[in-house]
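Novice: sequence first, then the predicted structure, then my questions.
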Amino acid sequence: MLGNGIREINIPNTDLVIQQDAKGSLTYSKSIRNDARIAYDTLRTPKGGVYQLNLSDGTKIWLNTSSAIRFPENFANNKRDVELLYGEAYFEVKHRSEAPFTVKTFAGIVRDLGTHFNVNSQTGGGHVAATLLEGAIEVEANGQVKK
């Protein structure tokens, strides 16, 4: 477990390394494989915990307390999809028009159009709220798309 003086974890039988800097930010490092398989990881924050996660494409995610996100170890095929399983996350996306960044939730999809945004998918109310801080996003839910 990171946070108890441990700054790096090497995952056995893989080439994945998880590092935590002095400020608590988590960075995943992995060499690119030649096979077509994409490996996924899930990060869950405990009650009272908040983590910053740096993805392989340079996107930064702050995962709020009692939240979970599923993401690929490396993005492939010009697809950059993550899944906010529950909770709340703030995204600073490294925009690439040829490879859009997408956040999937139980109630819809939020697409990056070059921006910083927050997604709250608390399951209690059965809805998702996206808050734009900079740039532009597109939200798709219930068959409707809004920018």
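Specialist: That came through, no problem.
Novice: quick one: the strands in this protein, in order.
Specialist: Applying DSSP state E to the chain gives strands spanning 8-10, 16-20, 25-30, 40-44, 51-54, 60-63, 68-72, 80-92, 101-104, 109-121, 129-141, 144-146.
Novice: redo those strands as a markdown table? Include mean pLDDT and mean neighbour count.
Specialist: In short, each C-beta sits where N, CA and C put it, glycine included. Below are the strands of the chain laid out as a markdown table (pLDDT from 0 to 100; neighbours: other C-beta atoms under 10 Å):
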| stretch | mean pLDDT | mean neighbour count |
| --- | --- | --- |
| strand 8-10 | 57 | 12 |
| strand 16-20 | 71 | 17 |
| strand 25-30 | 70 | 16 |
| strand 40-44 | 88 | 14 |
| strand 51-54 | 88 | 19 |
| strand 60-63 | 92 | 20 |
| strand 68-72 | 92 | 19 |
| strand 80-92 | 94 | 20 |
| strand 101-104 | 94 | 22 |
| strand 109-121 | 87 | 20 |
| strand 129-141 | 86 | 15 |
| strand 144-146 | 85 | 10 |
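Novice: which parts of this protein belong to which domain?
Specialist: 1-30, 42-146 (automatic domain parsing).
Novice: what's the first-to-last distance across the last one?
Specialist: Spelled out, that is domain 42-146. End-to-end span of domain 42-146 (C-alpha to C-alpha, to the nearest Å): 28 Å.
Novice: Glu138 pairs with what?
Specialist: Arg111 (DSSP bridges).
Novice: OK, contacts around Ser97?
Specialist: Gly114 (C-beta atoms under 8 Å, 6 or more residues apart in numbering).
Novice: got phi/psi on it?
Specialist: Here is the backbone geometry of Ser97 (degrees, to the nearest 10): phi -60, psi -30.
Novice: wait, doesn't Gly108 sit right on Asn142?
Specialist: Yes - assessed by C-beta atoms under 8 Å, Gly108 is found in contact with Asn142 at 7.3 Å.
Novice: more neighbours, these two?
Specialist: Using other C-beta atoms under 10 Å as the criterion, Gly108 and Asn142 rank with Gly108 on top: 20 against 6.
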